[in-house]
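J.: quick check, what structure comes out for this input:
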Amino acid sequence: MNTKRAIRWALLSVGLAGVVTVVTVAPGGATPPSGLTQVPLARGTDVSDGTIPLQVGTDVAMAQITVNPGGSSGWHSHPGGAIIVVKQGSLTVHRSIGSQCQTTTYSAGQAFIERPGEVDDVVNAGTVPYVLFVTFPRVPQGESARIDIPDPGTCPGL
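T.: This next block holds a predicted model:
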């Protein structure tokens, strides 16, 4: 009888752990992008031993991202960060840093970096679509270069 009770307890514990995992990992409340189109350009697995700190076996992905006026990326982060070149238009990046909101505007011809795990929402407050060429280094193989995040509440009005 003690063995049956131990087996039931083990199964119940595993079941509860699965429920807790789903609740804590599920992206409930994530803010989806609006007015955004992403065109994948290329993706490859790093097999080199270069001087840029990439991890062998992770992917490098490239995309063209266009966001219409009034649109936004939604709150998100990138597991390996992102290197962004602004081809057209202008955009405002709202970064959630601790309990603070940091805002920076970029325009055509400029480039910027999003660090791994950095949480931000990129907004098009202009009158023309902004177009970005983005390289996503260190993407886990077969996984997304983007992680949707719930609004952290640090940038009121977004």
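J.: okay, strands next: where are they in this structure?
T.: With strands called from DSSP state E, the chain shows them at 34-45, 59-72, 76-77, 82-88, 90-97, 100-107, 111-114, 119-123, 130-139, 147-148.
J.: contacting residues for Ala61?
T.: The contact partners of Ala61, by CB atoms under 8 Å, 6 or more residues apart in numbering, come to 40, 42-43, 135-136, 139, 145. For every residue, glycine as well, the C-beta is placed using N, CA and C.
J.: ok, so of these, who is nearest Pro79?
T.: Pro79 lies nearest to Val139 out of those, by CB to CB, at 6.2 Å.
J.: list the contacts of that closest one.
T.: 43, 58-61, 78-80, 145.
J.: what residues are bridge-paired with it?
T.: Going by DSSP bridges, Val139 is paired in beta bridges with Asp59.
J.: against Val123, how distant is it?
T.: Remark: distance between Val139 and Val123 (CB to CB, to the nearest Å) = 24 Å.
J.: over to Ala108?
T.: Per CB to CB, Ala108 is found 16 Å from Val123.
J.: of these two, which one has the most company?
T.: Using other CB atoms under 10 Å as the criterion, Ala108 and Val123 rank with Val123 on top: 23 against 14.
J.: quick one: least confident helix or strand in the protein?
T.: Of all helical and strand segments in the chain, the minimum by mean pLDDT, DSSP states H and E falls on helix 2-25, at a mean of 36.
J.: how much space between Pro69 and Ser90?
T.: For Pro69 relative to Ser90 (CB to CB), the value is 10 Å.
J.: how about stretch 34-51: buried residues?
T.: Of the residues in stretch 34-51, 36, 38, 46 count as buried by neighbour count, 16 or more other CB atoms under 10 Å.
J.: I'd guessed the first one sits against Thr66; true?
T.: Right, Leu36. Yes: if you go by CB atoms under 8 Å, Leu36 and Thr66 touch, sitting 7.2 Å apart.
J.: any low-confidence regions in this protein?
T.: Within the chain, the set of residues satisfying pLDDT under 70 comprises 1-28.
J.: distance to Thr51 added to the contacts of Val139, as CSV?
T.: Formatted as CSV, those follow (distance: CB to CB, whole Å):
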residue, distance to Thr51
Arg43, 22
Thr58, 16
Asp59, 19
Val60, 15
Ala61, 21
His78, 21
Pro79, 21
Gly80, 17
Ala145, 22
